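Engineer: show me how the following folds:
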Amino acid sequence: MSEPNVEEELKALARLSNAFTKGRGSEARSASRIIWHIIRLARHAEQRLEFEVHRPLGWSWAGFRIMVNAYALDSIEPSQLADILGVARPTVTSNLDRLERDGLLVRQTDPENRRRVLVVLTDKGRAAVEQAIPLQMAIEKELTSSIPLEQRDGLEKMLNIMLRSYRGHGSKSA
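Structural biologist: Numbering: from 1, shown residues only. Have a look, this model is predicted:
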């Protein structure tokens, strides 16, 4: 993974945004730049986390996202995972197959409703998540270190507003 040339990337972003929004006004230009920044930052963060934390531990970013949700919720249905992660159910299934093959999780019949299948981490899977979390958090801390602490809550609130709007929750406040 090569490090991005940030200044070149910002120049390219400005050119792209200007080309996309020519004659559409400053609101369109601002929206375009914000979205492109979010996309690029998310991709950089995802690449760092995948190649510095998750691949060395033997799984992908997608696998970690599944495992950390199963860890936080104790058990979860594959369809719920797809909804939370915003991916198609076959994508979840193929990742579950791999993680189950590697002994990190199991699929169990729900004892309260035998028609439901639950994803549950094995002891090996729980230990793997517990090993990954501090490594992930260290990179997350590094990636956000340039944002003054007193401004982070505001940024988080704005991102929550955008996510709720995107997800169709109807709420316009954090």
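Engineer: and the longest helix for this protein?
Structural biologist: Longest helix of the chain, by residue count under DSSP state H: helix 26-49.
Engineer: helices and strands around the helix or strand hosting Glu156, which ones?
Structural biologist: Using DSSP states H and E, Glu156 sits in helix 149-167. Packing partners of helix 149-167 (3 or more Cβ pairs under 8 Å, 6 or more residues apart in numbering; DSSP states H and E): none among the helices and strands. The way it works is simple: take the backbone N, C-alpha and C, and place the C-beta from them, glycine included.
Engineer: rewinding a little: other SSEs contacting the longest helix of the chain?
Structural biologist: Using 3+ Cβ pairs under 8 Å, 6+ apart: helix 26-49 touches helix 6-21, helix 61-73, helix 123-144.
Engineer: which one of those lies nearest to Ser165?
Structural biologist: Of all those, helix 6-21 sits nearest to Ser165, with 20.1 Å by Cβ to Cβ.
Engineer: average pLDDT for the closest one, rounded please.
Structural biologist: The pLDDT scores in helix 6-21 average 78.
Engineer: what does the longest helix of the chain rub up against?
Structural biologist: 1, 4, 9, 13-14, 16-18, 20-21, 61, 64, 136, 139-140, 143, 162 (Cβ atoms under 8 Å, 6 or more residues apart in numbering).
Engineer: do stretch 54-62 as well
Structural biologist: With Cβ under 8 Å, 6+ apart, stretch 54-62 has contacts from 46, 49-50, 63-64, 67, 85, 87, 91, 95, 98-99, 102, 104, 128, 131-132, 135.
Engineer: coming back round to it: now the helix holding Glu156 and helix 123-144, what's the angle there?
Structural biologist: Computed by axes from the mean of the first three to the mean of the last three Cα atoms, to 10 degrees, the angle separating helix 149-167 from helix 123-144 equals 120 degrees.
Engineer: would you say Thr109 is within a strand?
Structural biologist: Yes - Thr109 sits within a strand when classified using DSSP: H, G, I helix; E, B strand; the rest coil.
Engineer: what's the spacing between it and Asp97?
Structural biologist: 17 Å (Cβ to Cβ, to the nearest Å).
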